[in-house]
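K.L.:
Fold the following and give me the result.
(one chain, ligands or ions: 1)
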Amino acid sequence: MSQDFLPINGTDYVELYVGNAKQSALYYQYAFGYELIAYAGPETGIKDRASYVLKQGKIRLVLTSPIFPEGPIAEHIQKHGDGVKVLALWVEDAEKSWYETTSRGAASAIEPHIISDKFGEAKVASIHTYGDTIHTFVERKNYSGIFLPGYQPRKSHYTPEPIGLMYIDHCVGNVELGEMNRWVDFYETVMGFKLLITFDDEDISTEYSALMSKVVSNGNGFIKFPINEPAAGKKKSQIEEYLDFYRGPGVQHMAIATDDIIHTVTELRKRGVEFLEVPQSYYVDLLDRVGKIDEDLQPLKDLNILVDRDEEGYLLQIFTKPVQDRPTLFFEIIQRKGAKSFGKGNFKALFEAIEREQELRGNL
Ligand code: FE2
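P.N.:
Coordinates of the predicted model:
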């Protein structure tokens, strides 16, 4: 068996460029139960930006805004709106990760370098992936500070209870028509990932919307990246709508794992997070479709949580509406009970729900 040339310990952090990081940080604390742990900005010697680091379970979100209208962060926001800039990967050797991937054809975004403060040093390096998104390799074995050098601990006096978000299960990219296989090839060749699953438009087309999707995963399976491209339908596919409004490829959704989806979604709804709704008819023959499940049907129905089964078990999932005014990034909440798949049985019901939203936006 060939050696994994890019061992990855897990997701290190996800950084979003947003129009107003101070307010976004409060939204993710208040609505999603994240805790503010660190900050970098003018008060800490970083003159051109403000970054808030939020944590829940193993998840770290970094929310960054520019202080001035010039520069790459402002340009990113001008073009894409709020969105994911960095999918950071935790590695043992950032320089080797950068070397192995760039020597296989990845475009370098930031060359390997050391950042340090009194808590030690971290090594980081970045490569480009789809659109303006980058992967940053983070080597932190010689660092003991709160997040990364340059950040200072920061607490909020307002700390809502966490809601059971544990880790990032998968992170989905939308790319242009005809580009999916190129990016699957990128993850296979450049990053050593393996193709896990393919969905074609037979699996997931509705009357209007269709997409093709392939899921790639790294050696230990901790990182899963589904890649979507639009497929021809009668009207505009949800992926095309995303590409139009994001002005190009980017992260469509992050799926976050919980081990008590009923509790998590009850809390999210209470705090004002909006979800896609499937019709109540979805639940009429649900148990015939998925068989016996541990949960009572009524709370799933009340909360609009979806269920799907594969050969290995079942999963429960639900999708938020976009979390900014552009119909771009959204979140999935997922609880796996043995199933390793992605909820294929729910695609039709979900896509019809998305199409109702697209129709309301006038984009169908
Ligand atoms: Fe997903």
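K.L.:
Once you drop chain neighbours, what's closest to residue 300?
P.N.:
residue 307 (6.8 Å; C-beta to C-beta, 6 or more residues apart in numbering). For every residue, glycine as well, the C-beta is placed using N, CA and C.
K.L.:
ok, the nearest residue to residue 248 once chain neighbours are set aside - how many residues close by?
P.N.:
In this structure, residue 248 finds its nearest non-sequential neighbour in residue 131, 4.7 Å apart by C-beta to C-beta, 6+ apart. Counted with other C-beta atoms under 10 Å, residues neighbouring residue 131 total 22.
K.L.:
Equivalent analysis for residue 129, please.
P.N.:
The number of residues near residue 129, taken as other C-beta under 10 Å, comes to 25.
K.L.:
what's across from the residue nearest to it when sequence neighbours are not counted in the sheet?
P.N.:
Spatial nearest neighbour of residue 129, excluding adjacent residues (C-beta to C-beta, 6+ apart): residue 135 at 5.6 Å. Residue 135 has these beta-bridge partners by DSSP bridges: residue 87, residue 127.
K.L.:
who's in contact with residue 135?
P.N.:
Contacts of residue 135 were listed using C-beta atoms under 8 Å, 6 or more residues apart in numbering, and they are 86, 87, 88, 89, 126, 127, 129.
K.L.:
Select from the residues you listed the one having the most neighbours.
P.N.:
Top of the contacts of residue 135 by neighbour count (other C-beta under 10 Å): residue 129, with 25 neighbours.
K.L.:
which ones are touching it?
P.N.:
By C-beta under 8 Å, 6+ apart, residue 129 lies in contact with 87, 135, 173, 183, 186.
K.L.:
Can you read off the backbone torsions of it?
P.N.:
phi -120, psi -150 (degrees, to the nearest 10).
K.L.:
same deal with residue 102?
P.N.:
Main-chain torsions, residue 102, degrees, to the nearest 10: phi -70, psi -30.
K.L.:
ditto for residue 192
P.N.:
Residue torsions, per degrees, to the nearest 10, at residue 192 are phi 70, psi 20.
K.L.:
Correct me if wrong: it contacts residue 6.
P.N.:
Yes - at 4.8 Å, residue 192 and residue 6 qualify as touching, with contact defined as C-beta atoms under 8 Å.
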